[in-house]
Structures are given as C-alpha cells and as structure tokens.
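*Asks:* sequence and predicted structure, then a few things I'm wondering about:
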Amino acid sequence: MTRSTHDKGACALRVGRLFRRETGLSCMVAFDRTLLAGPMERAIDARRTVESIVAARPEAVLLSPGLLKRCGDLFAFRGAPAVVVRIDYPMVGDFTLGGAEQHRLIATPAEAQALGADAVVMCLISGYDDPRLEADNVEAVARTARQCEALGLPLIVEAVVWGARESVELDAGRIARVSRIAAELGADLIKTQFTGCREQMRALVESVPVPVLVLGGAAMNDAAALERFTREALEGGARGVIFGRNAWQREAVTLGIEQLIDIVHGPGP
Ligand SMILES: O=C(CO)COP(=O)(O)O
C-alpha cells in the first residue's frame with residue numbers, strides 16, 4: 001500500500017469517528033475560548049468545566065494544547081469524546097493585540113497529535129484589516145493541510161468572516177466563499193458561522209465538498225432559540241454543531257449539553 005493511499009484512509013477513518021454512526025451527525029463542544037479570553041464565567045476552574053463537558057459525552061471536545069496537557073486523563077476511558085486541539089491563535093475582534101489584528105500558529109499537527117489530538121482546528125479569517133494577513137493565513141492553512149495529510153490527521157478549518165474590514169451583520173455569500181476556499185486548501189471539515197437561515201446553509205453545504213459544522217457564538221441564554229438555531233442549521237444540511245459558550249456556559253453544564261446532544265441526534269433509546 002502506498003503511503004498516500006494509507007494516509008487518505010487514516011484521515012477518513014478519523015473523520016468518521018467524529019460522527020455518530022446512527023445519525024451521521026456530530027455534536028462537539030468547543031472549550032477553547034479561554035485560550036484567547038483568559039478566565040471566563042463558568043470556566044474559572046478549567047478542569048472542572050472539562051469534567052462537566054466530558055460527562056455529557058459529546059462526540060468531541062475542542063481544547064487548547066495546554067488544557068489537553070492538564071486534562072487529557074479525563075478522556076482516558078473507552079467511549080470518551082474525541083479530542084480536537086486548536087493549533088492557532090487568531091487575534092481578531094475582541095482578541096486583537098493592542099488593536100492590531102494578527103494570526104499565529106501555536107502548535108504543529110504533529111505536536112498536537114503527540115498530545116493526544118484526534119483532529120486539529122485552525123482559523124481561515126476573511127476580513128483582516130491588512131489583506132496581507134489574509135494571504136499569510138491562507139498559506140498557513142495550506143501548509144498545515146499538507147502536514148495533516150502526511151499524518152492522516154483531520155484538519156478542521158474554522159472558516160469565518162470576522163476581521164476589522166467586515167461588518168457585524170453576517171453575510172452568507174462571504175461565509176460560503178471563505179468556507180469553499182478552506183475546503184480547496186485542504187480542510188477535511190469546515191466549522192463556520194450560521195446566519196440562521198436554512199436556505200443559506202443549504203447553499204453553502206452544496207458548494208463545499210466536505211462536512212460542515214456550525215459554531216455557536218455568544219451564549220443565547222434562551223433554550224428555545226438555541227434549539228431553533230440548531231435545527232435550522234441541521235435542516236440546511238450542516239452535519240453537526242461545535243458550540244462553545246452555548247454549551248459550557250449554560251447553568252447546568254452537563255444537562256445542557258445532554259439536551260443539545262438530543263436535539264442533534266434525537267432522544268436516545
Ligand atoms: O468558535 C468557537 C471557538 O472555537 C466556539 O465558541 P463559541 O461558540 O463560544 O463562540
């Protein structure tokens with residue numbers, strides 16, 4: 001078997017493990033915001049938050065490299081969620097450095113895999129104030145995709161319209177554009193924004209040749225609104241969700257995530 005055949009198979013195998021067999025969908029929890037924001041409400045004791053997330057058994061949990069080092073043992077049992085590691089540091093929006101946008105890699109795919117990663121995440125951001133940053137970001141995604149291919153490690157690209165040049169209003173066309181670019185650069189999965197419109201999600205999904213997951217954004221604090229948002233995205237063809245604050249900032253973290261899992265997959269037997 002040639003190396004490339006083997007690696008393509010390894011990546012497909014690992015991508016498949018991120019989805020529930022019965023539904024073909026995935027409910028992931030992103031607990032990586034504190035990498036950029038520092039301590040946050042309901043995430044002061046990071047290990048406790050990870051414990052509460054893992055107890056709900058989502059398909060995967062997204063963590064920073066440092067938190068995986070401190071909390072990896074919480075995933076060391078059969079049937080535990082997969083571990084996805086963020087390997088970049090996007091300084092945009094609230095996270096600019098002294099007001100200036102930047103983007104940096106913080107680990108290689110091989111380093112993340114050595115920590116126990118089943119997949120890695122990095123951003124492709126459309127809308128930096130300085131367009132050269134977008135070019136650098138494109139190059140970093142492409143280089144990382146080639147490294148992931150050599151390891152058979154899935155690359156999830158968070159393809160988003162975020163930077164200083166973008167308006168706050170979500171633009172479905174621009175989101176679809178950056179998602180397609182991410183897939184063409186070599187992403188195995190896309191994590192992107194959802195405008196709330198099923199038809200716009202359908203158009204995006206049809207134009208992107210890899211599975212699409214939607215991110216959650218700021219906590220809605222409204223279970224019905226969150227359910228509606230999730231259902232519309234899935235009806236639009238999204239293969240799942242990867243929610244952060246709308247998962248771990250809920251009042252009862254484990255129960256809230258269990259409810260989210262039921263929305264995605266339907267109630268258990
Ligand atoms: O995109 C995310 C960070 O990876 C998810 O976090 P939020 O849902 O809290 O925005």
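*Replies:* Sure thing, it's come through. Numbering: from 1, shown residues only.

*Asks:* C-alpha coordinates for the longest helix anywhere in the chain, CSV please?
*Replies:* In the chain, ranked by residue count with DSSP state H as the criterion, the top helix is helix 131-151. C-alpha atoms of helix 131-151 as CSV (Å, rounded to 0.1, in the frame of the first residue of the first chain):
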residue,chain,number,x,y,z
PRO,A,131,-5.1,41.9,3.4
ARG,A,132,-1.5,40.6,3.7
LEU,A,133,-2.6,38.8,6.9
GLU,A,134,-5.3,37.0,4.9
ALA,A,135,-2.6,35.9,2.4
ASP,A,136,-0.4,34.7,5.4
ASN,A,137,-3.5,32.9,6.8
VAL,A,138,-4.1,31.1,3.5
GLU,A,139,-0.5,30.0,3.4
ALA,A,140,-0.6,28.7,7.0
VAL,A,141,-3.8,26.7,6.3
ALA,A,142,-2.4,25.2,3.1
ARG,A,143,0.9,24.3,4.9
THR,A,144,-1.0,22.8,7.8
ALA,A,145,-3.3,20.8,5.5
ARG,A,146,-0.2,19.2,3.8
GLN,A,147,1.2,18.4,7.3
CYS,A,148,-2.1,16.8,8.4
GLU,A,149,-2.2,14.7,5.2
ALA,A,150,1.2,13.3,6.0
LEU,A,151,-0.1,12.3,9.4
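
*Asks:* so which elements touch that helix?
*Replies:* helix 3-16, strand 102-105, helix 109-115, strand 119-126, strand 155-161, helix 172-185 (3 or more C-beta pairs under 8 Å, 6 or more residues apart in numbering; DSSP states H and E). For the C-beta atoms, the positions are set from N, CA and C on the backbone; glycine is no exception.

*Asks:* hmm, 10 Å instead?
*Replies:* Helices and strands touching helix 131-151, as assessed by 3 or more C-beta pairs under 10 Å, 6 or more residues apart in numbering; DSSP states H and E, comprise helix 3-16, strand 88-91, strand 102-105, helix 109-115, strand 119-126, strand 155-161, helix 172-185.
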